[in-house]
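[1] Return a 3D structure for these sequence lines:
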Amino acid sequence: MGYLYLALSTALITVWALCYKFAVRYKCDLLGVNFWLYVGSTIVVAAYFYTTGCKWSNAAAILGVVSGVACFVSTVAFFYHIRTGVLAVSWTVIGLALGFPVLASIFVWHENPSLKQIIGLVLIPIAFVLCNPGKEKETSK
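    Take a look at the predicted model:
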């Protein structure tokens, strides 16, 4: 079952990225596209709650709103950086989105990281060195 979710996640993230690519190609307002992405997501979640009869949780709703706002702002910032910065740096920084929760789980909740998590944390700074931040923009001027 895990592979099904992995495949579904990969397929849907690809569709998401293609939608942004079309939005850029047809010169759509990315802020508007991003806004409607989250409006659509909210409608899907509301429909899921309604059709499955799940109970409403205020804590989950608050966490969902905060997460949605954070994702909205991070997506807008990411696409702005892709237009103005070096793509390799943008994608490398996305790796930090995985590293910070792992670090929080270690230091805040005192969890023991797996070998994969340790390797991932070690590779993040190495990726920054390898992507050579900022050098490509300087040479293209």
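[2] where's the closest residue to Thr42 other than its chain neighbours relative to Tyr5, distance?
    For Thr42, ignoring the flanking residues on the chain, the nearest one in space by C-beta to C-beta, 6 or more residues apart in numbering is Gly68 at 7.4 Å. C-beta: built from backbone N, CA, C; applies to glycine. According to C-beta to C-beta, to the nearest Å, Gly68 stands 21 Å off from Tyr5.
[3] Neighbour count for the two, which is higher?
    Gly68 (16 against 9; other C-beta atoms under 10 Å).
[4] Would you agree the more buried one is in contact with Gly40?
    No - contact between Gly68 and Gly40 fails when scored by C-beta atoms under 8 Å: they sit 11.6 Å apart.
[5] what's the pLDDT at Ser41?
    Ser41 is assigned 86 on the pLDDT scale.
[6] Equivalent analysis for Ile119, please.
    90.
[7] now swap in Thr51 and tell me
    Value listed for Thr51 in the pLDDT field: 90.
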